[in-house]
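Student: with the sequence up front, the predicted model follows.
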Amino acid sequence: MAVHPRRRPLWEEQVLCHLPTEVAAILLTLSWETREQIEEIRLRSGQPLALGVEGRELFLNPRGNPTPRASEGYRVTTEQVAATWQRMARFSVYALEEELRQGFLTLAGGHRVGLAGRFLPEESRLGRVTSLNIRLAKELPGVAATVLPHLVEGGALLNTMIVSPPQGGKTTLLRDLIRQISTGVDRLGLPGLKVGVVDERSELAGSLDGVPQLDLGPRTDVLDAGPKTQGLWHILRSLSPQVIVTDELGGAAEAAALSEAARAGVRILATAHARDWSDIRNRAGFGCLREGNVFQRYVVLGNSLGRGTVETVHDGAGVCRCTGPWRLGVSDRTTGAAGGIRPVDRKGEVDFLCGN
Amino acid sequence: MGVSSVGRLIAANFTRRTRQVAALGTGLRLLATEIDYAATPLPLALERVARSLEPPVADIFRCTAAGLGKKGDILAAEAWSQALARVYPQTSLHDRELSILGDLGPALGVSGRQDQLRHLNLAIERVRMEEDTARGEEARGMRLWSYLGYLGGILLAILFL
């Protein structure tokens, strides 16, 4: 039997302690490779245990083998979901009313748990929780190394928007961009900059009780769980940032606040859900960003080579500055930059049974 | 002298019970305050309550907090129930108080603040009623057993004369 000299994936220490013993035991029967590839663990009352791996959802049977048939999957009971939720809530659901309103909570390590169940309209929050979606936070240091050279000109950072469909790798890329910009990148002549992050959904920094759990660099301040529109002004007024960052830009008010911040002379990094560059440029509500030419770079992520594929990089006028596709973390043809990065590309499909 | 001491000892049992029921009420009120005003996580709230009380009532809260700190599938209701089973025999509490605490267990920490307060306030009110009853029993019992002790002592003295 092969000996694996590797360290246990960090999430196991942080997440397995919350899960029912049986579920944790099933997950531990999986190979190292698979455990490192898990993106989501889904516990639904009365439904089979499911994992999100490389964008696919797979069921696990009681022996820990993947199965496409739900009927063969290990069935998670309502009691197990309730018990898991209680442990995640530190037996103190009363202390998580805001999280129940938002529909998620963050675990130590920055892992986000999406919640579903019975909604209480009179209190605008969840009452009973019956579904848990644990999204494992993964830090991939160096994953932005192939993208950053396209976002810097003459040692200055350009205002950049990252666009992709959901689960395209926006947040992972943005997190590493923040870390690198905050630290500084000598080879690009980019000094370390003061970065203010408005982390409305606690996803970038994975904050627990306001304390960032993920590394965003030495010059980064995080405003956790604050609404974007207020948070942008708060950071701008109180923290004298050189770069302001926010994730998943939504409505016109947020776009307007960002546009104002750009006029105040700070650099902007943001992400948004969109299919491509034209989709984001023509979006209603983003008119002020378009008219003000706020963004000088648009990084478009897609799935043509799998999760985290950089499809193109456009400038503010829509001129393609770099054509992909290439996977994040893998050396691209244009710059050849790949120093110190961790490759995430794997040839072929994920072998889910490897090592079992 | 010896017989009157026995009487006083039995009477003291009534006092102990009243004190423990009162302490239980205080503990539940403190717990409600921790949950309502500070939203303190349950294990820490239970620890804080335990620090404010005397044993053995404090041990109910302390053992529950310790149970929640252990690894495994244990939930708040089970930790509470195990703590009651362990500590109750050392107390002067009656089955009625045990029943009140038993009813509270499944609700501990599993719902929103208002719901927690509803459960705790109900338990506090029921404990207060038991405290009133205990005080009445204490007053009656103290008198009765003190008298019986003295009368027994006098009776024995007469017999020995």
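Tutor: All right, it came through fine.

Student: grab the nearest non-local neighbour of residue 69.
Tutor: Since you didn't name a chain, this refers to chain A. Using Cβ to Cβ, 6 or more residues apart in numbering or on different chains and skipping residues adjacent in sequence, the residue nearest residue A:69 is residue A:59, 7.2 Å away. Yep, even glycine has a C-beta here, placed from its N, CA and C like the rest.

Student: nope, chain B
Tutor: In space, residue B:69 is closest to residue B:43, 6.2 Å off (Cβ to Cβ, 6+ apart).

Student: same thing with residue A:120?
Tutor: Nearest one to residue A:120, counting by Cβ to Cβ, 6+ apart, is residue A:127 at 4.4 Å.

Student: can you give me the mean pLDDT across the helix or strand harbouring that neighbour?
Tutor: For residue A:127, the element it lies in under DSSP states H and E is strand A:125-135. On average, the pLDDT along strand A:125-135 is 86.

Student: buried residues in that strand?
Tutor: Buried residues in strand A:125-135, defined by neighbour count with 16 or more other Cβ atoms under 10 Å in any protein chain shown: A:125, A:126, A:127, A:129, A:130, A:131, A:132, A:133, A:134, A:135.

Student: mind giving me the packing neighbours of it?
Tutor: Secondary-structure packing of strand A:125-135 (3 or more Cβ pairs under 8 Å, 6 or more residues apart in numbering or on different chains; DSSP states H and E): strand A:38-44, helix A:78-88, helix A:97-102, strand A:112-120.

Student: quick one: it to chain centroid distance?
Tutor: Strand A:125-135 has its C-alpha centroid displaced from the chain centroid by 19 Å (Cα atoms, centre = their mean, to the nearest Å).

Student: what of stretch B:81-94?
Tutor: Worked out by Cα atoms, centre = their mean, stretch B:81-94 lies 9 Å from the chain centre.

Student: ok, residue A:295 - contacts?
Tutor: Residue A:295 is in contact with A:159, A:160, A:161, A:268, A:270, A:289, A:316, counting by Cβ atoms under 8 Å, 6 or more residues apart in numbering or on different chains.

Student: among these, which lie within strands?
Tutor: Using DSSP state E, A:160, A:161, A:268, A:270 are the members of the contacts of residue A:295 that sit in strands.

Student: redo those residues as JSON lines? Include pLDDT, distance to residue A:208 and neighbour count.
Tutor: Listed next are the ones in strands among the contacts of residue A:295 as JSON lines, based on pLDDT from 0 to 100; distance: Cβ to Cβ, whole Å; neighbours: other Cβ atoms under 10 Å in any protein chain shown:
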{"residue": "A:160", "pLDDT": "95", "distance to residue A:208": "28", "neighbour count": "25"}
{"residue": "A:161", "pLDDT": "92", "distance to residue A:208": "28", "neighbour count": "27"}
{"residue": "A:268", "pLDDT": "93", "distance to residue A:208": "27", "neighbour count": "23"}
{"residue": "A:270", "pLDDT": "93", "distance to residue A:208": "24", "neighbour count": "26"}
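
Student: from the residues you listed, which is closest to residue A:96?
Tutor: Nearest to residue A:96 out of these is residue A:270 (Cβ to Cβ; 28.4 Å).

Student: the closest one touches residue A:161, doesn't it?
Tutor: Yes - between residue A:270 and residue A:161 there is a contact under Cβ atoms under 8 Å: 5.1 Å.
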